[in-house]
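Chemist: what would the 3D arrangement of this be:
(one chain, ligands or ions: 1)
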Amino acid sequence: MSTFLGMPAGSSPRASTAPRGVGHLRGDQPFPAAARLALADSQLRRNLAKATTTIRAKRARVVAELPDWEELREAGQAIKARTLAGLDGYLEQLEREVTARGGTVHWARDATEANQIVTELVASSGAKEVVKVKSIVTDEIGLNDALADAGIQAVETDLAELIVQLGHDRPSHILVPAIHKNRAEIRDIFLREMGDVDAGLTDVPAALAEAARLHLRRKFLSARVGISGVNFAVAQTGTLCVVESEGNGRMCLTLPSTLISVMGIEKVIPTWADLGVFLQLLPRSSTGERMNPYTSMWTGVTPGDGPQQIHLVLLDNGRTAALADPAGRPALSCIRCSACLNVCPVYERVGGHAYGSVYPGPIGAILSPMLTGVEDNASLPYASSLCGACYDVCPVKIDIPSILVHMRARHVETARAQSWVPSSEAVTMAAASWVMSSAARFAAAQRTGRVGRLLARHGVIDRLPPPLRGWSRARDAPVPPRETFRQWWRRERGAAEPGRTDDGA
Ligand code: SF4
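Modeler: Just a heads-up that it's a prediction; the model follows:
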């Protein structure tokens with residue numbers, strides 16, 4: 001393999017001059033517009049609040065059990081930093097080890113190439129239907145649509161992914177893709193879309209799970225090709241690892257004769273010892289469990305046991321460019337636990353669809369613009385209050401707030417480079433700087449500002465005139481007081497206010 005890591009896109013032998021395939025990473029509409037629609041959906045907000053509150057409490061309970069949790073986080077962060085620093089070497093080692101054990105490794109620069117590779121592999125097997133383990137990277141590249149275009153049906157086997165697929169919907173959470181649906185809505189989807197379901201199906205969770213189980217069993221037993229993502233790939237031995245909770249993954253990974261696994265290049269880790277750290281961090285941070293109910297690992301092909309054809313597709317799709325940005329690089333350490341989504345006050349109110357990308361929440365707000373280029377997801381780095389809750393819970397200590405600020409700066413610089421017309425924000429800031437650099441001008445502005453009292457409604461100003469209108473769309477401004485501090489001081493003390501030497505007030 002020719003290494004293509006650590007170089008800006010376009011400079012490596014493997015980088016293409018064709019537009020990068022972004023798959024399902026780019027939103028149809030900017031976050032503010034999508035968020036406004038989501039906020040108007042009270043059912044969605046109730047579903048989200050209930051689910052995130054439950055998962056948050058579970059996570060907090062099991063994390064508190066470990067006295068060395070902070071040390072584990074430090075270890076996870078250090079392993080990821082070491083891996084990313086030598087990513088090209090670890091990937092080459094992984095390729096060697098997988099190949100030596102009978103697997104085949106494919107390299108994909110972008111979504112288009114990855115879809116092409118997988119589609120050709122499935123087509124060559126003659127299968128018209130594949131079973132899939134829940135995999136966010138295959139959502140990223142839009143694999144199901146690409147397979148459908150080739151006449152191949154991809155059947156999602158994770159319960160939540162199945163709900164999303166049958167509902168002709170999109171996932172809204174990394175871990176709980178159907179978090180926006182309640183039980184009654186799920187029952188309705190099953191009754192409408194599952195041909196073989198009992199017409200008397202109730203919305204009791206066990207009944208819904210049983211209906212899905214019966215529906216999927218036939219698919220598992222007839223599938224010739226399974227498709228998965230990869231949670232971790234151990235370079236030392238070429239071992240691939242998938243963790244899940246329902247056992248559907250184990251079926252997909254063991255029953256079909258061909259297994260195709262798509263993996264973002266950042267998922268490699270150097271050794272088995274490193275895997276031990278992540279298998280403690282991930283379940284506690286994601287589902288609030290001490291260990292994952294199913295941890296499947298496979299190392300190449302074992303004659304007579306499990307899939308006899310194993311393919312690993314290593315996907316770049318913007319990761320090389322992200323790696324080349326030292327300030328944004330830690331975002332590639334993400335192990336997709338979704339803890340940052342569950343604590344985010346923005347995510348909890350708008351849900352995942354508003355982000356317009358398969359990576360929602362705080363991690364999506366940095367990862368999606370990094371993978372597509374910030375100009376294609378420009379509104380996402382602003383979808384945060386910068387409260388820092390995401391940083392506090394992240395098991396690999398990604399400083400998401402700092403990266404959000406970095407992405408905002410990149411967006412501003414890109415916009416500035418593309419247009420000589422200053423933005424309304426730049427004009428406002430320049431004007432504020434001019435006013436505040438003179439005591440006399442500042443005092444005059446305060447006096448003028450009192451005119452703002454005329455805009456007050458119910459004790460606040462909810463709509464400012466241009467160029468401040470955009471700022472006040474989602475915020476209330478306080479009503480200016482009748483009297484400024486300077487005036488109060490002079491009235492009370494009968495003298496110019498402290499520190500003043502001119503008569504600007
Ligand atoms: S950024 Fe951290 S908390 Fe968020 S999904 Fe990734 S690993 Fe989990």
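Chemist: which stretches of the stretch 201-350 of the chain form helices?
Modeler: Taking DSSP state H, counting those that start in this stretch, the helices of the stretch 201-350 of the chain run over residues 205-222, 248-254, 272-286, 319-323, 339-343, 345-350.
Chemist: so of those, which one's packed in deepest?
Modeler: helix 339-343 (a mean of 28; mean count of other Cβ atoms under 10 Å). Glycine gets a C-beta too; all of them are placed from N, C-alpha and C.
Chemist: quick one: contacts of that helix?
Modeler: 52, 55-56, 59, 173-175, 285-286, 347-348, 352, 360-363, 389-390, 392-395, 400 (Cβ atoms under 8 Å, 6 or more residues apart in numbering).
Chemist: starting at the chain centroid, how far to that helix?
Modeler: 10 Å (Cα atoms, centre = their mean, to the nearest Å).
Chemist: distance to the ligand and mean pLDDT for the helices of the stretch 201-350 of the chain - can I get that in CSV?
Modeler: Below are the helices of the stretch 201-350 of the chain laid out as CSV (distance: least, Cβ to the nearest ligand atom, whole Å; pLDDT from 0 to 100):
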stretch, distance to the ligand, mean pLDDT
helix 205-222, 25, 92
helix 248-254, 19, 96
helix 272-286, 6, 97
helix 319-323, 13, 96
helix 339-343, 3, 96
helix 345-350, 10, 94
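Chemist: out of these, flag the one nearest residue 448.
Modeler: Counting by Cβ to Cβ, residue 448 lies closest to helix 345-350 out of the helices of the stretch 201-350 of the chain; the figure is 34.4 Å.
Chemist: residue contacts, residue 132?
Modeler: Contacts of residue 132 by Cβ under 8 Å, 6+ apart are 138, 144, 154-157, 161, 226-228, 252.
Chemist: try 6 Å this time
Modeler: 154, 156, 227 (Cβ atoms under 6 Å, 6 or more residues apart in numbering).
Chemist: hmm, back to that, can you redo the helices of the stretch 201-350 of the chain as CSV with distance to residue 77?
Modeler: As requested, the helices of the stretch 201-350 of the chain are exported to CSV (distance: least, Cβ to Cβ, whole Å):
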stretch, distance to residue 77
helix 205-222, 36
helix 248-254, 27
helix 272-286, 10
helix 319-323, 16
helix 339-343, 14
helix 345-350, 22
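Chemist: for the ones you listed, which one sits closest to residue 193?
Modeler: helix 205-222 (9.7 Å).
Chemist: which residues sit against that closest one?
Modeler: 131, 155, 157, 159, 162, 186, 190, 194, 197, 201, 251, 255.
Chemist: can I get the CA coordinates of it in CSV?
Modeler: C-alpha atoms of helix 205-222 as CSV (Å, rounded to 0.1, in the frame of the first residue of the first chain):
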residue,chain,number,x,y,z
PRO,A,205,-41.4,-3.8,24.7
ALA,A,206,-41.2,-7.6,24.9
ALA,A,207,-43.9,-8.0,22.2
LEU,A,208,-42.2,-5.6,19.9
ALA,A,209,-38.8,-7.3,20.4
GLU,A,210,-40.4,-10.7,19.7
ALA,A,211,-42.0,-9.4,16.5
ALA,A,212,-38.6,-8.1,15.3
ARG,A,213,-36.9,-11.4,16.3
LEU,A,214,-39.3,-13.5,14.3
HIS,A,215,-39.0,-11.2,11.3
LEU,A,216,-35.2,-11.2,11.4
ARG,A,217,-34.6,-14.9,12.0
ARG,A,218,-35.6,-15.8,8.5
LYS,A,219,-33.2,-13.2,7.1
PHE,A,220,-30.3,-14.4,9.2
LEU,A,221,-30.7,-18.0,8.1
SER,A,222,-30.9,-17.3,4.4
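Chemist: distance of the residue nearest to residue 151 when sequence neighbours are not counted relative to the ligand?
Modeler: Of all residues not flanking residue 151 in the chain, residue 128 sits nearest, at 6.7 Å (Cβ to Cβ, 6 or more residues apart in numbering). Spatial separation of residue 128 from the ligand under the definition Cβ to the nearest ligand atom, to the nearest Å is 35 Å.
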